[in-house]
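**Student:** Coordinates only, no sequence provided:
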């Protein structure tokens, strides 16, 4: 018997503020939508095409990350696809959602961020906060040079690439 795989990774921007609710059992549920752009070629022209994906985040992750899920914020989500089925007015309906397991924040909600991950949560219902590094003894400390700021592809100089 073959093992099936249901795994999705999306990088996009939130199209609206997330909506936090609670089930009757008290479990937190946060819902939000992602817009994911892709470029496609039509003849000699390149056009942007946008796809929209509904996402759902459960448990403690939903509660703690909800304030940061702001409209316009760029995020990377990983999770799985789930199809919900129900009947409405005698007709069968269905909807596919991304059930988010991990979420990583990029930049700021306005898209003017530093390009790096500004926050991360990981799996299950717990957040994985950055761990503080143990400080070295004063005689062993070494100053690290500041990393150059990289804001995106427009800052990349490709003149050194040999191909």
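**Tutor:** Arrived safely, thanks for sending. In this text, all values refer to a predicted model and were calculated from it rather than measured experimentally.
**Student:** okay, now residue 52: neighbour count?
**Tutor:** Residue 52 sits with 10 neighbouring residues when counted by other CB atoms under 10 Å. Placement of C-beta: from N, CA and C, glycine included.
**Student:** Okay, and the beta partners of it?
**Tutor:** residue 35 (DSSP bridges).
**Student:** Check residue 19 too.
**Tutor:** Beta-bridge partners of residue 19, as defined by DSSP bridges: residue 31.
**Student:** And residue 83, by the same measure?
**Tutor:** Going by DSSP bridges, residue 83 forms beta bridges with residue 96.
**Student:** quick one: contacts for it?
**Tutor:** Counting by CB atoms under 8 Å, 6 or more residues apart in numbering, residue 83 touches 94, 95, 96.
**Student:** Next one: it relative to residue 96, how far apart?
**Tutor:** Relative to residue 96, residue 83 is positioned 5 Å away (CB to CB, to the nearest Å).
**Student:** low-scoring stretches of the protein, by residue?
**Tutor:** 1, 108-163 (pLDDT under 70).
**Student:** Is the nearest residue in space to residue 55 that is not next to it in sequence in a helix, a strand, or coil?
**Tutor:** Spatial nearest neighbour of residue 55, chain neighbours left out: residue 98 (4.5 Å); criterion: CB to CB, 6 or more residues apart in numbering. For residue 98, the assignment made with DSSP: H, G, I helix; E, B strand; the rest coil gives strand.
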